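**Q** Prediction below, plus the sequence it came from.
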Amino acid sequence: MEVHDYLRILQARWKIVAVTSAVVLFGALVASLLATPQYQASTRLFVSTSSGASVSEIYQGNRFSQERVASYTKLLTGTTLAQRTLDSLGITDPTPAELAGKVKASSAPDTVLIDVTVTDPSPERARDLANALSDEFVDMARELETPENGGSPAARVVVEQHATTPSSAVSPNTKRNVALGLLVGVLLGIGAAVLRDRLDNTVKDRKTAEDIAGAGLVGTIPLDKERQETAAIVFRDANSGSAEAYREMRTNLQFLDVDNPPRVLVVTSALPSEGKSTTAINTALVLAEAGHSVVLVEGDLRRPRVSKYLGVIGDAGFSTVLAGRAGLDDVLQPTRFENLTVLAAGALPPNPSELLGSATAKQIVEDLRTRFDYVIIDASPLLPVTDAVVLSAAADGALMIVRHGKTTREQMVRAVGNLANAGVRVLGTIITMAPSNRPGAYEYRYYYESDDSAKKPAPADAETPHPESAPVAARNGAHSRAVPAYSVVPSYPEVVLPRPGERPRVQARLRPPGGSSDVES
């Protein structure tokens, strides 16, 4: 992995690092506050041997003392000395083994000094234990160094410095523990973030989606919390990142097959709650914004959502026509959105798969194809049921919805496999609910709201376009009002999906006096 890969992981999973660091930091703080304070008392011992008359004898005696120091440091931490110390003080707590664990003896290289420390929760007892231990070791060293036949000891130990009562505890060191806790927490958080990323098998990028589906990525829809309350985007006035993402997707749809662009599209996903219905609604709306007549079919006869989101009657619709209890003209419902018609699901049948796979269902789809420029079908998820596969067989192909960071590779592979087994063409994939701060994401609102030049009034001598440049709906006779003069607003051109038999058109953002609209060329 490169450095930028780690930076990408930290950017995407900073919450893991933050939470782990906070937990470890809090644990270190709590442990420091709850720990019993420990006090340390110290003494210093001096080791010497009998000196000789010559320089050589003095040097050898000094070397002998240094060698003795290494042995004495081991004796000072033994249980034998600890037992003698406890006996001299007349106490039984702590035990000899516990006292030996509280004793530390050390010496600097090339010296004959030994530093002895004793740690205890009581500062007075730490002092008493240290002094008693040192005094007992002086006697113990004399006994060990005295020859059996009597005479002077080969080495002598004296207490050079007795212990005093410590005034402050040596542990816990709260500042040090908190600093170490923060450092350890950050390191553990980074490790957890990298591990989580390595174990993550969800679809998050274009390459993964295209490799699995075997088709290009049609669009990436950013996460928009407003869509949780209102699924439909009013594209006429919208310039948010979501709206522009759908407009970009509309442009990409025409390149799926330039000579024969698909007109009957099934929108489906692997599992529920992946943004399928919201994407189908806004795909239909963004096509209708370009002046195309669009019918949105609520093909999910198990958990319909389109009629609820768009506020149309859902009791009569697709299933009603399939059951032969109404004609298609009777259940098609206009919406408050221009150029958009809805065919609701109707009453929920007990056998959706059989109804959707019938010849009547195919005939309805073909009838809608002849009436509208585009037919968008919101179908059921692929893995729980086979409804979407049956509907896709009667359409020009399917658009696979993949939720960013939620849909796994295995789920997508199975869903695409279901379509492939039925000979259904996957037109493309759409990644939904992508984080807006991901690499490559753009905030379209900036280009619209920060450009003051777009808010200036049009000059009086603005050029009036040719009548053929009037809005598509006006040319089609949808409105009988006069075509106003338009002034070009600085913006980018947009390729508009063609009607059947037409070439792709380029749409420029134009503004009439006192209003807003689009003009095509």
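**A** Happy to help now that I have it. Numbering: from 1, shown residues only.
**Q** Could you tell me the model confidence score at the nearest residue to Tyr72 once chain neighbours are set aside?
**A** Nearest residue to Tyr72, sequence neighbours excluded (CB to CB, 6 or more residues apart in numbering): Ile114, at 5.9 Å. Heads up, the C-betas are built off the backbone N, CA and C, glycines and all. With respect to pLDDT, Ile114 scores 92.
**Q** Centre of the chain to the helix or strand where Ile114 lies, how far?
**A** Per DSSP states H and E, Ile114 falls inside strand 113-120. A distance of 52 Å separates the centroid of the chain from that of strand 113-120, by CA atoms, centre = their mean, to the nearest Å.
**Q** The biggest strand by length in the chain pairs with which strands, parallel or anti?
**A** In the chain, assigned by DSSP state E, the strand with the most residues is strand 39-49. Strand 39-49 pairs in its sheet with strand 113-120 (antiparallel), strand 155-161 (antiparallel), by DSSP bridges.
**Q** Tell me the helices and strands packed up against the host helix or strand of Met140.
**A** Assigned by DSSP H and E, Met140 belongs to helix 123-145. Helix 123-145 sits against strand 39-49, helix 55-76, helix 79-89, strand 113-120, strand 155-161, with contacts defined as 3 or more CB pairs under 8 Å, 6 or more residues apart in numbering; DSSP states H and E.
**Q** what is the orientation angle of it with helix 79-89?
**A** For helix 123-145 against helix 79-89, the angle by axes from the mean of the first three to the mean of the last three CA atoms, to 10 degrees is 120 degrees.
**Q** circling back to that earlier point, what about the helices and strands packed on helix 123-145, which gets the closest to Val416?
**A** Minimum separation from Val416 across those (CB to CB) falls at strand 113-120, 66.6 Å.
**Q** Next, the buried residues of that closest one.
**A** Residues of strand 113-120 classed as buried by neighbour count (16 or more other CB atoms under 10 Å): Ile114, Asp115, Val116, Thr117, Val118, Thr119, Asp120.
**Q** is it possible to export those to CSV including distance to Lys204?
**A** Shown next, in CSV, are these (distance: CB to CB, whole Å):
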residue, distance to Lys204
Ile114, 63
Asp115, 59
Val116, 61
Thr117, 56
Val118, 59
Thr119, 53
Asp120, 57
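**Q** Just the closest of those residues to Asp315, please.
**A** Distances from these to Asp315 were compared by CB to CB; the smallest belongs to Thr119, at 81.2 Å.
**Q** Contacts for stretch 16-36 next, please.
**A** When contacts are defined by CB atoms under 8 Å, 6 or more residues apart in numbering, stretch 16-36 is touched by residues 10, 121, 171-174, 177-178, 180-182, 184-186, 188-190, 192-193, 196.
**Q** re the thing from before, which among the strands paired with strand 39-49 is found nearest to Leu89?
**A** When the strands paired with strand 39-49 are compared by CB to CB, strand 113-120 sits nearest Leu89, at 11.9 Å.
**Q** I would like the residues contacting the closest one, please.
**A** Contacts for strand 113-120 (CB under 8 Å, 6+ apart): 38-47, 69, 72-73, 76, 99, 102-107, 126, 129-130, 133-134, 137, 160, 163, 170.
**Q** helix, strand or coil for Glu148?
**A** Look at Glu148: counting by DSSP: H, G, I helix; E, B strand; the rest coil, its state is coil.
**Q** With Leu296 instead?
**A** Leu296 is classified as strand under three-state DSSP.
**Q** okay if I get the helices and strands packed on helix 123-145 as JSON lines plus distance to Gln411?
**A** Below are these laid out as JSON lines (distance: least, CB to CB, whole Å):
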{"stretch": "strand 39-49", "distance to Gln411": "61"}
{"stretch": "helix 55-76", "distance to Gln411": "65"}
{"stretch": "helix 79-89", "distance to Gln411": "64"}
{"stretch": "strand 113-120", "distance to Gln411": "59"}
{"stretch": "strand 155-161", "distance to Gln411": "74"}
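**Q** Going by mean pLDDT, which of the ones you listed comes out lowest?
**A** Mean pLDDT is lowest for helix 55-76 among the helices and strands packed on helix 123-145, at a mean of 73.
**Q** give me the beta-bridge partners of the closest residue to Lys74 other than its chain neighbours?
**A** For Lys74, ignoring the flanking residues on the chain, the nearest one in space by CB to CB, 6+ apart is Ala105 at 8.0 Å. For Ala105, the beta-bridge partners are Val116 (DSSP bridges).
**Q** mind listing what Ala105 touches?
**A** Taking CB under 8 Å, 6+ apart as the criterion, Ala105 is in contact with Tyr72, Thr73, Lys74, Leu76, Thr77, Ile114, Asp115, Val116, Thr117.
**Q** This protein - how does it break down into domains?
**A** When the chain is parsed with automatic domain parsing, its domains come out as 3-35+182-199, 39-161, 206-447, 453-520.
**Q** Of those, flag the one that's most buried.
**A** Most buried of those, by mean neighbour count (mean count of other CB atoms under 10 Å): domain 206-447, with a mean of 20.
**Q** In this structure Ser122 contacts Ala41, no?
**A** No - Ser122 is not in contact with Ala41 according to CB atoms under 8 Å; the separation is 10.1 Å.
**Q** average pLDDT across the helix or strand where Val402 lies?
**A** Following DSSP H and E, one finds Val402 within strand 397-403. Here strand 397-403 scores 94 as its mean pLDDT.
**Q** now swap in stretch 288-297 and tell me
**A** On average, stretch 288-297 scores 93.
**Q** thinking again about what came up before, same for the strand holding Val402, what does it pack against?
**A** Secondary-structure packing of strand 397-403 (3+ CB pairs under 8 Å, 6+ apart): strand 264-269, helix 276-289, helix 409-421, strand 426-434.
**Q** Those into TSV, with extra columns for distance to Ala395?
**A** Formatted as TSV, the helices and strands packed on strand 397-403 follow (distance: least, CB to CB, whole Å):
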stretch	distance to Ala395
strand 264-269	4
helix 276-289	12
helix 409-421	11
strand 426-434	9
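**Q** quick one, phi psi at the residue lying closest to Arg403 once chain neighbours are set aside?
**A** With sequence-adjacent residues excluded and distances taken as CB to CB, 6+ apart, Arg403 is closest to Glu274, at 3.9 Å. Main-chain dihedrals, Glu274, degrees, to the nearest 10: phi -110, psi 10.
**Q** check contacts around Glu274.
**A** Glu274 makes contact with Pro381, Ile401, Val402, Arg403, Lys406, Thr407, Thr432, according to CB under 8 Å, 6+ apart.
**Q** Touching, the fifth one and Thr202? I think so.
**A** Yes - with the criterion set as CB under 8 Å, Lys406 and Thr202 qualify as a contacting pair; they are 6.2 Å apart.
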